[in-house]
Every structure is written in structure tokens, then in C-alpha cells.
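Novice: Curious how this folds, go ahead:
(chains A, B, C and D)
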4 protein chains.
Amino acid sequence: MFDLSPRIQELKQQLEAFMDEHIYPNEALFYEQVKQNKWSHPAILEELKQKAKSQGLWNLFLPHSERGAGLSNEEYAHLCEIMGRVSFAGEVFNCNAPDTGNMETIERYGNEEQKEKWLKPLLAGEIRSCFSMTEPDVASSDATNIECEIRRDGDEYVINGTKWWSSGAMNEHCKIAIVMGKTDPNAAKHLQQSMILVPLDAPGVTIVRDLHVFGYDHAPHGHAEIRYENVRVPVSNILLGEGRGFEIAQGRLGPGRIHHCMRAIGQAERALEAMCRRAADRVAFGKPMYRLGSVPEMIAKSRCEIDQARLLTLHAARSMDKYGNKVARQQIAMIKAVAPTMLCNVIDRAIQVHGAKGVCQDSFLASAYAKARTLRLADGPDEVHLNTIAKLEMGQYL
Amino acid sequence: MFDLSPRIQELKQQLEAFMDEHIYPNEALFYEQVKQNKWSHPAILEELKQKAKSQGLWNLFLPHSERGAGLSNEEYAHLCEIMGRVSFAGEVFNCNAPDTGNMETIERYGNEEQKEKWLKPLLAGEIRSCFSMTEPDVASSDATNIECEIRRDGDEYVINGTKWWSSGAMNEHCKIAIVMGKTDPNAAKHLQQSMILVPLDAPGVTIVRDLHVFGYDHAPHGHAEIRYENVRVPVSNILLGEGRGFEIAQGRLGPGRIHHCMRAIGQAERALEAMCRRAADRVAFGKPMYRLGSVPEMIAKSRCEIDQARLLTLHAARSMDKYGNKVARQQIAMIKAVAPTMLCNVIDRAIQVHGAKGVCQDSFLASAYAKARTLRLADGPDEVHLNTIAKLEMGQYL
Amino acid sequence: MFDLSPRIQELKQQLEAFMDEHIYPNEALFYEQVKQNKWSHPAILEELKQKAKSQGLWNLFLPHSERGAGLSNEEYAHLCEIMGRVSFAGEVFNCNAPDTGNMETIERYGNEEQKEKWLKPLLAGEIRSCFSMTEPDVASSDATNIECEIRRDGDEYVINGTKWWSSGAMNEHCKIAIVMGKTDPNAAKHLQQSMILVPLDAPGVTIVRDLHVFGYDHAPHGHAEIRYENVRVPVSNILLGEGRGFEIAQGRLGPGRIHHCMRAIGQAERALEAMCRRAADRVAFGKPMYRLGSVPEMIAKSRCEIDQARLLTLHAARSMDKYGNKVARQQIAMIKAVAPTMLCNVIDRAIQVHGAKGVCQDSFLASAYAKARTLRLADGPDEVHLNTIAKLEMGQYL
Amino acid sequence: MFDLSPRIQELKQQLEAFMDEHIYPNEALFYEQVKQNKWSHPAILEELKQKAKSQGLWNLFLPHSERGAGLSNEEYAHLCEIMGRVSFAGEVFNCNAPDTGNMETIERYGNEEQKEKWLKPLLAGEIRSCFSMTEPDVASSDATNIECEIRRDGDEYVINGTKWWSSGAMNEHCKIAIVMGKTDPNAAKHLQQSMILVPLDAPGVTIVRDLHVFGYDHAPHGHAEIRYENVRVPVSNILLGEGRGFEIAQGRLGPGRIHHCMRAIGQAERALEAMCRRAADRVAFGKPMYRLGSVPEMIAKSRCEIDQARLLTLHAARSMDKYGNKVARQQIAMIKAVAPTMLCNVIDRAIQVHGAKGVCQDSFLASAYAKARTLRLADGPDEVHLNTIAKLEMGQYL
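Specialist: Model (predicted):
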């Protein structure tokens, strides 16, 4: 229904074929291997990565850069949705969070040395990265609350603080963190913060524990609580410069958020598909479930909500492509406020149609719900985005 | 944000200028004149029609026909939304319901004689028309319930039945009705019905009363209950042929529904604008309302819902243009299930922000709500559309 | 299901019999008479009042006073709900707003002279009263915004201000207003306001116009905009004393709010009854509507919401009886935040089940919705009550 | 606010003191011990059980029986809510599901031999039980779908079938199952089923696996999938008689459902408490969260919903006490349709206020949500209960 360019149509077909041939049939195997050795890369993942790379299905994100595949945000959206259907598929194509966001950050704001050292192996899929922003002790939705200290000491910065929800950091391949902290607590409110590159093997970095999401550990990635205790890195590890952490955060979060939303739409499609299949298969009170009571409305509302969220996301992507992330910030806030809630609602209905099967390990729904629910908080809770939308809307009347 | 062709951009600007210059400033006058003489055309309306006609802002609907302005559904959508902001604006441009639907019906399904006699003066805006389908005594959402009898008697059809919600029929300019009824109650379920042209001055046609909507009489159009008692019309008045009423209904309702939705989006934009202005103007508990409690979320959610509904509507319009109304029927059902509810929600929030002013004659909101609420029933209740969506969605799994 | 005392059981049966015998059969007549002479008392109303009075079904509100029927709030709740089923029934039993609130205000806060002059004829049903608090120019939900001036000048107070939504004031029997205004704009915030009795025939009182609610004029009561221009009343007309307006407002609003909620429950029961009857009578798509799609859920959810709101209201009434209106203020805020929205939802579903009949004059639903929607604003918008609930809830944690 | 008898007031205080002194302080220890040895009883649980028993806080459920504490359903409701605040507290007082339901079933429908052998040790808390009704292969919400076979063979019944969600059966103390299956597939629809007692150590009983709920294994109880393969039990193990399974199910499910709802209210209170404490502790955008944006409304709505659900539950309990479970079945269906959804909504808001802490192991919220969500399916999905409510409501109009 969308006017896709021939190149995107082709990529889409190629990607769907790859999913059908290589990803879906290996889902069970992936989780089995993870169970063997939680925090390492399962062999099947490496195998799939090689396959994808050899087919050119690699680094499809990263618009406006010669390092990426040269796709616009809107073009990537169609592909990212497909990857989003399987939780680990993104990584197969080197398109998974938070690595995409981190790569885009280094690409946009890093210097050549930083790119050589970290971006290159990340783009090659050789190492993984994490993003250390949120802190357990403060309401991090207001980023000015962040307390981690980045103090300059000669040619080094000394980092002290506790971060959590550093996703991906439990994995043994995770080598580098982008850490947000305060270089100058006395500067103007939005100039106090900086972002800095911290190798996870630096002395003073401790992985304290892994955080669960509704009972899931999200291996092989995991969400780490990390203590940074007198961690020393060379001054050249700073990104863009002291006091520019907010600026980077603004730039970084747009793409990160839209990728989340694209994947959310893929997840929602898969949940709706599961809902329909279940409704077709089961009979209760003398009728197939798809004709029973409010089940048709559950299906119909899900279709309406998914299609609307997709169109909003594509529209936001187009705005980003055309006018830049800053002009498109109301659009970005809108999809972040809309897509995760939409996904929660669609999965919730799918669970209801599945009955007890929907809450246990026999379907992907409960696990998908846990992630979807978390997405209403990650990269800012719904309330913060709604507030942004309102502020920008009111702008024209004040 | 949308890629409008230069012609549409120009038409849009022209239309917006016309609204600013001629429509908004005359809203009060219009209602004042209506009060003087309920069921005639207010002078200002005729005056505005002439102005619009002379500017070429006339018959902008009617795609794929040389009688219209040559716009696609998608192109028209951008214009129809703007007209939708003011309840009587559509008629100024000869783009109001149910005349648009009736004109499109005669254009698509009428013979040359019918076009000459009825379509021509309708396109010229000289007469008005109504659509007599719904009946008070049966659940008309299931059109097979319709009981009106159209019996052939020699060279004439004899019509007997009571219809209501024949919108526009209270007006003295309304001259012709398209009536749906059964020509053959023994035929297959979807071949029993026919549509026929009935002049309102035919003997046996009685306007029984006008129906109110939440206390509003919707003058100068009004919604009529009409009794057809042994009304005789020549057999040539039948549309398309006996037993083809359902076929016409299918074809007719698509465009009718999407026009409703386009106008709904215009209404919603106007309501959101009113909400923001009010929130900017009033202070309570020491704060401007736009910063108070949940008011920002009311604004933000409205923006999200409007934009999603607009994108869905444009997308449906594009599908109709590209693939035809039949292929696009899930899309059409989706917008009809989505847009009226969206509009109700947005207006409801605007009312809440306006306080008591929102429910009385000092704002357009209460009156707009009454219409919006009715739209959840007109051309099929939400439930019927949701059911259609579900049925089409399930198709691929059965 | 409730343990009603024998007296209340008897009163309830008596009241229900009265409704069946005298009220329901006269609804049509009432509105017909109103149409003849909008702002006077229709004859049937006077006739019914005499009947009710002679049966002792009179002044059933007004707890803890020898002037009332000696019922507690909880006892009255069961009766008030029944009266609430018909919009004009309250007045038949001299139990209608705003007279009940005004009578209770004068009873609690008036002096003997004021009671003799105004309370007595009000209790006798000989005159009617209005309450002039809300103002068109400020957000009156924050009562500190109120601007009406009550200036002392010798033995008189001089009143200047414009009030609107003075309900009941359009009627020719309305003789007295309780007006809220500022006696001392320099006093502490909650001591600036006073309430004063103003006869509507005092020079300087102008009924400016009647306000409509969603197209309804609510005759024979109506909602008036009143201009008070240099209106002079003796100083003895002040209630309780200068600067005690807020104190009275607090005391007055509790009972007023709970009565609204009781009536709302009666309205909701009537709407649910109508919904069920319609669902039983109509057939669509081969089934009676009560077995069709989501209709059963619409019925079931309505039953759940009504019963919960009733229990909450009875519980609040019991709290008021046992601990006083001040201690019960979270309970009162809760029912005011819950019952009107519940009523809107139930009526909205009933409308949907009725189809087009539900929005027009052929059912009571559209008119009931308009009132219900207004109730989400009257005596404070939902948002204010929710805020009160939250503040009281948080009290224990701060 | 409720009129509790002195005995219940005293029990309530005693129970609250026990919770404060013994349960809350041992929550962490309980889960630590569970981690050591998943499917056995943690030592702390046994210790707490002895303490509770010695205080007489034991078997407080089971109304109208000399084996219980002699409390009515309404009286027990106040206590059960308190226990519900901690997931394992019920068992401390021998008041946990599914044992309560099983004990009540044997008490009401078992013969003396069955009572001696199974009820006695269950009441003593020496063994645990499970309920094997739901099956993986059919929509068990329609119990006529159940396929498990109970075939008579001489003096024995032979049982064949696969059941899942036999909660509690993973625990080593679980010794007995009540199994529902078909004794006569040719009998009238509601006479095909029977319930039978099956010792878990009988040959042919296999615990296939444990089912997870949103990633949680719910140790030490767990939810088992059980295969019954040619399991033989003496004919005396049948409950009540062949073909009376539905009759027992009806009788059993009422109390089971209301207990779930009582506990749900306790959980909701705890979640609201957590929400308020968090809102009091955190500051964002220059304000404590309890004054920020829509947070007050989240608190207020939660209070309104909890109180309404509690009142509805108490009212249902009173109806059961007064009129029996059969007459009260609309009330029972109502609370089952209302309380779990209410609980999901309250916890969901609490999660949102907690941010990322709310979805991980650092609060009880995510785990509580998983259970609450499951409760919308357990003992019948919402849809089935809503349908029951509608059917009973419509009864008076048909």
C-alpha cells in the first residue's frame, strides 16, 4: 500500500525471505543455546550474523552516512518493523539496540580516533556496547537529576556513579559503555552533563547484578547495574566536548526512539497474527472464537491501532529525513507516546484470546508484553513525551 | 508535511483564504438568518455559494469524473478537512452530505436522463437531495431488514414505507430523494433491494416531522421522517436496475464515509485549537490551565489521535484511488470506526477544558459533539464496521 | 440486598408506587405543557406536588433537622435514586436542585429572620431559588477567582457582578438567589468571600439570557446568566457573616454533590433498562441484539459500573451521617469524580444500542446524556475532585 | 468505615499485627529459602504456620462449617484482603488457593471417608492439594469442552487426560488432586462430567513440567502440567456421584472467585501505597512526583477503583451469606469481572510511577502484575463472566 522504491521493495523481500528461512526456524534453538550459557553469544547467533552479512543485510540503520546502507529513516522503518517481529533478529543484522544508538552517536559526535577504535568493531559486529544513563537513585526521566560524576584530573576523567538498565552489558562481548554524567554541576542546567566512552574492562567498573523484567533475565543481553568507582579514562574519550551531553542526548534519542517504535509495530503484527490464528483454531460455546462475543472487536481494534501507529511512525521518519530530528521532535515524541501503549494493548488482547497459554512460556506473548511494558518507560516515560507534545502544541498559542 | 502537488497546495491555500475571509466571519450571521426562517436557505449561504463557484471552489469531490474538479480522493481529503471545520462550509462549495453521496451515486449508476434531470441541477447547487434508507421500525444497520416496498405496477413503481433520518429533506430546496426498498422480497438476500429516484413533490410523500439531535434541529437542513404512501414514479426512475440496491449501497457508502471522516478531522483540529486557546487564556490554582494537572495530556493525546486518524484517512483515500473502493473496504471500515470516536474524544476533552462554556451555545463544542456522536451511528454503527474489519482480517487465516 | 429499615422500605415502596402511578404516565404531558409556556410552572407539576405533599412524600432530604423528614443521608439515598429516574420528579417531592442545597444552606447557616422569610416558603414549595456562584469571565472551578463584588455601604451591601449557570432562575417562581462574592479582596485568600441573599426582584438584577445545554433549554427551570448591577440588600441578608463564604460553600457542596450522584444512579438504571429492552426487541444479522457481538458486554459493564457507583455513594452517605461532611470529604470527592462519568458511559452505550433513535427526541437518552455530561463540570470539574482525592490520600505519606 | 462486629475487629487487628510482626519482615527470607530448594516448603513458611495456628489465625475461610472458624463470607473478606497483601501469606493461615477451594469442595460434597483421609490433613496444613480442570488442547473456559476421560472399570475409575495449570502441584507436599473429566460423553451436556480424587503418587500420574507466568515460576507452588495415563482409583474416590461435576464446579467456583477478589483488593491497596510512597520520595522537573502532571489523577483513580471493587466484593459476600451462592451468581460474576482488571490497572499505574524499578525485581509490582493479569483468565476469562452478568440482567426482560 506504500510507495516503496524498487530497492526497498527488494530489500524487504530479501529480509522477509531471510526471516522465513533462517530466523523463525531457529528461534527455539537460540533460546536453548542461551539456556546453556546465559551471557555469551549463542553459536546460532554468530552463524546467522555471518549469513546476513554475506547477503548485505547488515547495518541497515544509520541514515545519511557512508558507513551505513544508505537508507533513509523512512526506508529503514519498513525493514526494522520486520526485524522487530523476533526479539533477537535485530542483532542478526547488526541493527539492535542499544548498539544502533551507540553507533549512531559515535558516528555523529565522535572523533576519528573514537570511530576507529570503537565504531569500526561495532559496525563489524565484533563487539557490543551499552549506554549508561539511568540511575537507580534519582528520577532519571528528568535528566538534570543525574548524579554520576565525571571529574577531570589532568589528562584523565575520573568517573564515579552507579548506573542501571545498561542493557546489553551482561554479555561477554560488551566492551564499551557510553556514560552520561556531570562534568560541571555548577554550569547552566543543560550544560552540566557530558558523555564519555568507558571501556568495560577499565579498573573500577563493576557489573553489580542483572536486572529482571517481569521475571525474564533477557539473556544473552541482560540489563546490568554497573558501579563506576574511580574509573579513569583519557580525556580524549569525551564525546563532542564537556557540557555537551544534553545536546548528544537530544540527537541520539530521536533515532533510538523511532527504532523502538518500528520494532514495536512488528511485534504488534506478530501478536495480532497469533490472536487471529488462535481465534481460528479454538471453539467455545459452539462457535469458533473469531465469531464469539467481543473477539471480533479485539481483532478489529488491534488492526486499527497498529495501522495508525505505523502510519504515524512512517510519517515521523519522513519528517526526520526531510527536516531533521530537531524539527521532527513533536513527531518523535508522539510515536514514543503512542506505539508502546498500542503494543501493550494489542498483546494484552492476544493474551486474553490465548487464555492461560498466553501468560506462559508456550507463546511469545507474555515475554513480549514484559518488553512492551518496559518500553513505556525506556527512553523516557509516556508522561514525559506527552508533556513534550503538549508544550510544542501550545507553542503556537502563547 | 505531506507531499502535495502544486495544484493541491494552491487549492488548499485558496480554500483557507476563502474560509478566513468569507466563512468564519459569517458564521454568526448564518445562524441568525437560519433563526429567522428555519427551513429555507439563508441569504448568506447563497451569496457565499456564488463567490465560491466564481472562484472555482466548486464540486471538488467526485473523483474520476469530468463533472467534478478532477481531484483524487487523497487530494480532496486535504480540502475536505478544511471545509469540515465549519458545519455549513461544505455546502458553500457544493460539497456537503448527503448531496455529494447522491451526486456520486447518480453519476456512477444513473442513466443519461436521470443525470440530465437531477444530477445537473444538483451539481449546479440549484436543488438539494436526500437519501431515504434508514427506517424507524427495524435495525437498519443490517440493511437486509429494510421493509419499504417498491412494487412494480405497469410502467410505474409504487412505493410504500416510512423512512427517517432523511437528512436535508426539511429544507425547501430539497427536491429529490434516493429511496432504498425491496422490489423482490423473495429474491436472494442481497438482490431484494433496489434504489429509486423519488421527487419529493410526488403525491403520497409526506414530511412527517423533523428529528432532533441532542436538542439541535440542524436547520436549515434538518433530518426528516418521511412517509411514502402509494407514491408512484415512472419505471425509468430506478437506478441501475431492479435488485441492485445493495451493489449501489456498497459503492456509494465508501466515498460517503471517507468524506465524513475527513470533515471529522477538520472538526477535531478546530476543537483542539479551541482547547489550546482556552488553556492559554485561563488561570486556575495559580497556573495557566495548559500547565495544570492533566490538561497537557489532554492536549497531547488529542494531537496524537488526530494525526493518526488523518494519516489513516489519507491512506484509505490513496487505497481507494489506487485499488478501488472494493479492495479498500477494510481501510474504509477502519476510518469509519476510528475517526468519529476520535472526534468525540477530542471534543469531550475540549469541553472539559472549557468548563460550563463548553456545553452551552457560547462555543461550537456541544453542537459539534452532538454531530460527532451521531457519526458513530450514521452510515453504520461502529460495531458493524469493527465486524467488517475483523472479518476481512480473519480472511487470511481461514 | 441492602438492610433497609422498615420505615425506609415503606417509603421506598410508596415512592415507587407514586412514580408508577403519577410520574411516568405524566412525563409526556409535562413536556407538552412546558412547550406552551416555557418559564412558568406547568399545571401538572403543581398538581403532582399537592399529591406528593398530601402523601407525606415531601422534603425527604435535609437530614438532622426537624424541618425535614428526619432521614439520614444514607436513607435518603435510596429514595433520591428513584426520583432521579425522571428529570422533573425531584421537584414533585420538593427535593430538586438547587433548591435542596439552598434550603440546606439557609437551614444550617441562616438566622431566624432569613429562615422565616425564605426557608419557609421554599420548604412549602411556594417559591423557588437559585445559586449564583459561577462567573463567565474566570475559571470558577478555583473559587478564589470569583470577582463579584459585595461592598458594604452603611446598612446595605451593594452587589456588582455577572453570574451564569444560575439554574432555575429562568422560572417565574424563582424569587431568591444566594450570591457568592468578595466582601474583602484584601483578606486572606479563603476569607475574602461571602454569601448573601438577593431577591430576584431587587432593582439592578437583570436576567440576561438563558443558557442551553447541548441544544436543550431545560425549561421550565433553565440556566440563567444574571447581571447584578448596584443591587442593594440590607446587611441582614448576609449568611453567617462576612468572609465566611468558603466555609458555607464547603458545607453546602457535600450534600449537593451526593444528591447529584444519587440521581445519576437512578438515571443510569433507567438507561440500562432502556438498553436491555431495546436489545431484547431488535434483531440484526439474524440474532436478537442482546446476543450480538459486544452488546452483552455493554450491558454487563453497565451493571458493574452502576452497582459500584451506588455502593460508593451509599458508603459516602453513611460516612457523612457518621462522621460529618468534613471527615467524609474524600468519599464525597470520590463519588463526584465517579458517578457522572459512570452515567455518561452507561447512557453512551444505551445510545449506541438504540441507534439513531438514541440521539433524537424519541428516547430520553440524548437529553439525559447532555445533563450527565454537564454534571462532570457542575459543582467542580472531575479534575478538581480527583485532585482533592489525591491530596487526601497523600496526606498519610507526607 | 464498615460496621464490623467486635470479633472481626479483633481478628483484623490480630491479623494486621501478625503481618507486621511476622510476615512483612520475612518476605525476603522466604524468597531466599525458595531459591535454595524450589519445590519444597521453605522452613520459614512452616515456622510461620505454627505461629499462626497457635494464635488461632487458621482456617478462617470455610463459612457455615464447624471445621472452619465460623466466619461468614463477608467477615472473612475483611481478613482475606489483609492476607492478600503478601503473595504467600494466605498459606501461613491455611487460607491459600487452591487448597481453600479444594477443602470447601470436599467439605460440601465429599463423604466421610474422603473427609477423614484428605480434608483432615488439608485442614491441618500437613498436605497440599491441586485442582486439575483446565486442559491445554481445548478452550476450557467452556467447560463442556473438557476431554479428560474417567472411565469406570469394575471397582475402579481409570483416568486418562492431560491437565495443566494444576497450581500448587509442583510442590513436594502436594498429595491430592481433584480431577474433572467425563464419565459419560453421551449424557446430557451438563451431566457428562464428574470430579474425582486422585492421589498424586498413583501410578500413571506424571508431572510433565512447570508453567511459568510472565517469566516467574511461582515456586514453591508452581503450576504443573500433569499427564494422567491409565490412572486407577477406587470408585469411592468420586465426589458426590457420577455426572455431578458441573454441579460441584458451580458450587466450588463462587467462593474461589470471591477469595481471589478479596486478595486482589489487598494487593491493590499495597500497590497504591507503594505508588504514593514513591510519589512522595521522588522529585522530577522541580516538583515532588505526587504533584506532577497526571500523577495525582493516577492516585485518585486508583483509590476510587479500589474502594468500589471492595464494596462490590463485600456486597457479593453478603449476598452469598444471605441468599446462597446460586442466587448471588450475578454478584460473583461481577466481582470476578471487575477486581482483576482493577488490580491490573492499579499496579500498572504504580509501575509507571516507579519507572524502571517497577518492572524489575526491586519492587513487588512486576510480579504482582503477572499474577493479576493471570487472574483475568483463571476461573474463567473476563468475557465469560461478563456474558453471565448480561444473561442474568437480560433475564427480567425476556
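Novice: what about residue A:310, neighbour count?
Specialist: 28 (other Cβ atoms under 10 Å in any protein chain shown). Just so you know, the C-beta spots here come from the backbone N, C-alpha and C atoms, and that holds for glycine as well.
Novice: surely it meets residue A:81?
Specialist: Yes: Residue A:310 is within contact range of residue A:81, at 7.3 Å (criterion: Cβ atoms under 8 Å).
Novice: Find the residues that touch each one of these two.
Specialist: Residues touching both residue A:310 and residue A:81 (Cβ atoms under 8 Å, 6 or more residues apart in numbering or on different chains): residue A:265.
Novice: quick one: the helices in chain A?
Specialist: Under the criterion DSSP state H, chain A contains helices at A:6-18, A:27-36, A:43-54, A:73-83, A:89-92, A:99-109, A:112-114, A:120-123, A:245-281, A:295-327, A:329-354, A:365-375, A:382-394.
Novice: possible to save those helices as a markdown table with distance to residue A:196?
Specialist: Formatted as a markdown table, those follow (distance: least, Cβ to Cβ, whole Å):
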| stretch | distance to residue A:196 |
| --- | --- |
| helix A:6-18 | 35 |
| helix A:27-36 | 31 |
| helix A:43-54 | 29 |
| helix A:73-83 | 27 |
| helix A:89-92 | 25 |
| helix A:99-109 | 11 |
| helix A:112-114 | 10 |
| helix A:120-123 | 16 |
| helix A:245-281 | 9 |
| helix A:295-327 | 22 |
| helix A:329-354 | 25 |
| helix A:365-375 | 26 |
| helix A:382-394 | 24 |
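Novice: Tabulate those helices in TSV, adding columns for distance to chain D.
Specialist: Below are the helices of chain A laid out as TSV (distance: least, Cβ to the nearest Cβ, whole Å):
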stretch	distance to chain D
helix A:6-18	28
helix A:27-36	12
helix A:43-54	21
helix A:73-83	23
helix A:89-92	20
helix A:99-109	17
helix A:112-114	28
helix A:120-123	25
helix A:245-281	9
helix A:295-327	8
helix A:329-354	6
helix A:365-375	5
helix A:382-394	6
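Novice: okay, these in CSV with mean pLDDT and distance to residue B:28 next?
Specialist: Output for these, formatted as CSV (pLDDT from 0 to 100; distance: least, Cβ to Cβ, whole Å):
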stretch, mean pLDDT, distance to residue B:28
helix A:6-18, 96, 52
helix A:27-36, 96, 65
helix A:43-54, 97, 65
helix A:73-83, 96, 45
helix A:89-92, 96, 58
helix A:99-109, 94, 54
helix A:112-114, 96, 65
helix A:120-123, 97, 64
helix A:245-281, 93, 44
helix A:295-327, 96, 36
helix A:329-354, 97, 34
helix A:365-375, 98, 48
helix A:382-394, 97, 27
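Novice: and chain C, which of the ones you listed is closest to it?
Specialist: For the helices of chain A, proximity to chain C was assessed by Cβ to the nearest Cβ; helix A:295-327 is nearest, at 5.3 Å.
Novice: Verify the contact between residue A:266 and residue A:79 for me.
Specialist: No: using Cβ under 8 Å, residue A:266 is not in contact with residue A:79; the gap is 9.8 Å.
Novice: Quickly note the distance from the nearest residue to residue A:392 once chain neighbours are set aside to residue D:288.
Specialist: Distances taken as Cβ to Cβ, 6 or more residues apart in numbering or on different chains place residue A:330 nearest to residue A:392, at 4.3 Å, with adjacent residues excluded. Distance of residue A:330 to residue D:288, given as Cβ to Cβ, to the nearest Å: 28 Å.
Novice: same deal with residue A:214?
Specialist: 28 Å.
Novice: which of these two has more neighbours?
Specialist: Between residue A:214 and residue D:288, residue A:214 has the larger neighbour count (other Cβ under 10 Å), namely 25 against 16.
Novice: correct me, but that one touches residue D:369?
Specialist: Yes: using Cβ under 8 Å, residue A:214 is in contact with residue D:369, at 7.1 Å.
Novice: what residues are shared contacts of these two?
Specialist: By Cβ under 8 Å, 6+ apart, the residues touching both residue A:214 and residue D:369 are residue D:214.
Novice: Got phi/psi on the residue in chain A that chain C sits nearest to?
Specialist: Of all residues in chain A, the one sitting closest to chain C is residue A:294 (4.5 Å; Cβ to the nearest Cβ). Phi and psi for residue A:294, reported as degrees, to the nearest 10, are phi -90, psi 10.
Novice: how many neighbours does it have?
Specialist: Neighbours of residue A:294 using other Cβ under 10 Å come to 23.
Novice: What are the neighbouring residues in contact with the nearest residue to residue A:247 once chain neighbours are set aside?
Specialist: Once flanking residues are discounted, residue A:247 sits nearest to residue A:240: 7.0 Å by Cβ to Cβ, 6+ apart. Residues in contact with residue A:240 (Cβ under 8 Å, 6+ apart) are A:109, A:110, A:195, A:247, A:248.
Novice: Contact partners for the residue nearest the centre of chain A?
Specialist: In chain A, the residue lying closest to the centroid (Cα atoms, centre = their mean) is residue A:97, at 3.9 Å. Going by Cβ under 8 Å, 6+ apart, residue A:97 touches A:90, A:167, A:256, A:259, A:260.
Novice: any chance of those residues in a markdown table, plus distance to chain C and neighbour count?
Specialist: A markdown table is the format used below for these (distance: Cβ to the nearest Cβ, whole Å; neighbours: other Cβ atoms under 10 Å in any protein chain shown):
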| residue | distance to chain C | neighbour count |
| --- | --- | --- |
| A:90 | 37 | 21 |
| A:167 | 32 | 25 |
| A:256 | 33 | 23 |
| A:259 | 36 | 27 |
| A:260 | 31 | 23 |
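Novice: tell me the contacts of the closest residue to the residue of chain A closest to chain C other than its chain neighbours?
Specialist: Counting by Cβ to Cβ, 6+ apart, residue A:294 lies nearest to residue C:294, which is 4.5 Å off, once chain neighbours are set aside. Contact analysis of residue C:294 by Cβ under 8 Å, 6+ apart lists A:293, A:294, A:297, B:383.
Novice: Check the second one and give its pLDDT.
Specialist: Meaning residue A:294. Residue A:294 is assigned a predicted lDDT (pLDDT) of 96.
Novice: Mind picking the two most distant members of the contacts of residue A:97?
Specialist: A:167 and A:259 (13.3 Å; Cβ to Cβ).
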